[in-house]
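[1] The sequence and its predicted three-dimensional model are supplied below.
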Amino acid sequence: MKKLISRKRKYSFKKKMQSFKQALAQEKQETIEMLSIYKKFTKRTANKAEMKIAHTQFFDLLKGCGLGVFALLPLAPITIPILLKVGKMIGVDLMPTSFNEKTPVKNPAQDK
């Protein structure tokens with residue numbers, strides 16, 4: 001019985017890590033796209049729709065940096081979930097869009 005529970009936990013952990021890896025890969029692709037759009041903006045060739053995409057990704061990066069600060073605190077495993085719950089209660093999304101469960105995660109390998 002213990003082996004079965006242990007296997008389920010390993011599988012669950014592996015599945016969560018795969019999902020996390022995909023979300024990080026998606027964030028990387030979106031950040032590369034954001035930087036290319038900002039580069040186009042410096043040459044005055046970016047349109048408003050592209051700039052909106054770039055700004056959205058920039059705010060996602062700021063969200064990630066904000067959570068990164070709390071990850072450095074000694075009680076991070078407690079404080080981060082509490083912050084996310086409180087943010088959800090007051091209607092503020094603190095997680096980057098790639099890490100939201102509602103948002104489908106794109107596989108960057110499929111785009112190539």
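    Perfect, thanks for sending it.

[2] Next secondary structure after the longest helix belonging to the chain?
    Among the elements of type helix in the chain, defined by DSSP state H, the one spanning the most residues is helix 2-42. Where DSSP states H and E defines the elements, the next helix or strand beyond helix 2-42 is helix 48-71.

[3] which secondary structure elements does that following helix contact?
    Judged by 3 or more Cβ pairs under 8 Å, 6 or more residues apart in numbering; DSSP states H and E, helix 48-71 is in contact with helix 2-42, helix 76-90. No exception for glycine: its C-beta is placed from N, CA and C like everyone else's.

[4] Can you say which of those helices is nearest to Ser98?
    Each of these has some distance to Ser98 by Cβ to Cβ; the shortest is helix 2-42, at 4.3 Å.

[5] separation between the residue lying closest to Phe58 once chain neighbours are set aside and Val86?
    Taking Cβ to Cβ, 6 or more residues apart in numbering, and ignoring the residues beside it in sequence, Phe58 has Met34 as its nearest neighbour in space, at 6.2 Å. Between Met34 and Val86 the distance is 28 Å, computed by Cβ to Cβ, to the nearest Å.

[6] next one: Leu73
    Between Leu73 and Val86 the computed distance is 15 Å (Cβ to Cβ).

[7] among the helices and strands of this protein, which has the poorest mean pLDDT?
    Counting by mean pLDDT, DSSP states H and E, the chain has its least confident helix or strand at helix 108-111, which shows a mean of 46.

[8] Can you list the low-confidence ranges for this structure?
    Counting by pLDDT under 70, the chain contains low-confidence residues at 1-2, 101-112.

[9] how about Leu73, phi and psi?
    Backbone torsions for Leu73, taken as degrees, to the nearest 10, come to phi -70, psi 150.

[10] Cross-check the contact I'm expecting between it and Leu67.
    No: Leu73 lies out of contact with Leu67 (Cβ atoms under 8 Å); the separation is 10.9 Å.

[11] Return the set of buried residues in stretch 54-63.
    Ala54, Gln57, Asp60, Lys63 (16 or more other Cβ atoms under 10 Å).
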